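Colleague: I would like to see how this sequence folds:
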Amino acid sequence: MVIGIPQEIKQDEYRVALLPVGVELLRKDGHRVLLQKGAGLGSGYADAVYADAGAEFVETAAKLYEQAEMIVKVKEPQPEEIACFRSGQIVFCFFHFASSRALTEACLQRGIAAVAYETLADQQGRLPLLTPMSEVAGKMAIQQGAKCLERPMGGSGLLLGGVPGVAPAHVLIIGGGVVGANAARVAAGFGANVVIMDINAERLRYLETIMPANVCTVYSDPHTIREHARIADLVVGAVLVPGEKAPVLIDRSLLQVMQKGSVLVDVCIDQGGCCITSRPTTHSDPVFIEEDVVHYCVANIPGAVSRTSTKALCNATLPYCRELAKVGLDPFVKRSPGRAAALNMRDGKLLCPAVAKTFPDLPHV
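Modeller: Just a heads-up that it's a prediction; the model follows:
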């Protein structure tokens, strides 16, 4: 198979979808690997390293898309990339279709086979390709949230962990999954008072046993969210319904009673965000203020730490990439329900129930 690795063009995206070792292993498997020149530079990998691994270089993305049978990317395709897709081409990357009707419609029109990182599941129902980026995003949510609490960023001027004689900040984390758990650990390490919420009582029991003493678990419902958000200095939105648009848990009336200068880090902005006022931002322009609350809604948080993120992501994706290239799309999706769940669309029809639920009027099976 001819596999193409383009340079990411989403704003402030520095990751690359394949490490040099991935090129070497795919070559040993008998495939050709086309790499757009400079694709790895944002993650610290020079073209020479890929050349040593056996990559074939292509000057432009258009030429790469023209030749490749399978495209392996990181972030969702941008309009100029979608224009280069052809019917039947396999595209393997993060899509987050439920957050964008325009993206979904455009990809349907091109007739691609969209294999999504975020919905591929293992035998235990876990999301192995989403998990490493959720770990990074959870940790960075606190790092960025602490920065946004600083007065020059529009925050209230609080130091997250406080100092002797001055109380630490209150942190509310909505969602106890991978993002939430990593955020809680980092916030606790800063010395903050942390509340982590979830609707799964068993998950809360587990978190209770592994978290430090300054982390409290609370069952999530509209009343408890409101109660704790009103006093929180930093709120992290970390809810996930795989493949679906994120539920809106913070409405404008709640924002209006939150503390002036408090910070909301909406990690689930990739899936539409869990706050009614959230809209995607970039690393170059990461925040905006609504109802006196600082909103940090960067849609590719892990892209800022591209070296770490690229390694973590590629470690997870490479085995599936090799398998998909070796056996082909049909045998791949038939191997397990989790692999089948990764195929979000094909031949102009939606196959992912969660995305079809979001856009019931679009063609689906």
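
Colleague: for residue 199, give me its contacts.
Modeller: 219, 220, 221 (Cβ atoms under 8 Å, 6 or more residues apart in numbering). To be clear about C-beta, it is placed using only N, CA and C from the backbone, and glycine gets the same treatment.

Colleague: so the first one touches residue 202, yeah?
Modeller: No - with contact defined as Cβ atoms under 8 Å, residue 219 does not reach residue 202; the gap is 11.5 Å.

Colleague: more neighbours: which of these two?
Modeller: Each of residue 219 and residue 202 has its neighbours counted (other Cβ atoms under 10 Å); residue 219 has more, 11 against 8.

Colleague: for the more buried one, give its distance to residue 317.
Modeller: Applying Cβ to Cβ, to the nearest Å, the value for residue 219 to residue 317 is 35 Å.

Colleague: what's the spacing between residue 56 and residue 15?
Modeller: For residue 56 relative to residue 15 (Cβ to Cβ), the value is 21 Å.

Colleague: I misspoke; the intended subject was residue 83.
Modeller: Taking Cβ to Cβ, one finds residue 83 at 22 Å from residue 15.

Colleague: more neighbours: those two, which one.
Modeller: residue 15 (28 against 12).

Colleague: how is the more buried one assigned, secondary-structure-wise?
Modeller: Following DSSP: H, G, I helix; E, B strand; the rest coil, we place residue 15 in the coil state.

Colleague: so who does it touch?
Modeller: With Cβ under 8 Å, 6+ apart, residue 15 has these contacts: 8, 42, 43, 74, 75, 302, 303, 306, 309, 310, 313.

Colleague: now those in TSV, with distance to residue 178 and pLDDT?
Modeller: Below are the contacts of residue 15 laid out as TSV (distance: Cβ to Cβ, whole Å; pLDDT from 0 to 100):
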residue	distance to residue 178	pLDDT
8	23	98
42	24	97
43	22	98
74	18	98
75	19	97
302	12	97
303	18	97
306	20	98
309	14	98
310	18	98
313	14	98
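
Colleague: between those, which is nearest residue 171?
Modeller: Nearest to residue 171 among the contacts of residue 15: residue 302, at 20.3 Å, using Cβ to Cβ.

Colleague: got a list of what that closest one touches?
Modeller: 15, 133, 136, 137, 140, 308, 309, 313.

Colleague: ok, residue 346 next?
Modeller: By Cβ under 8 Å, 6+ apart, the neighbours of residue 346 are 112, 113, 114.
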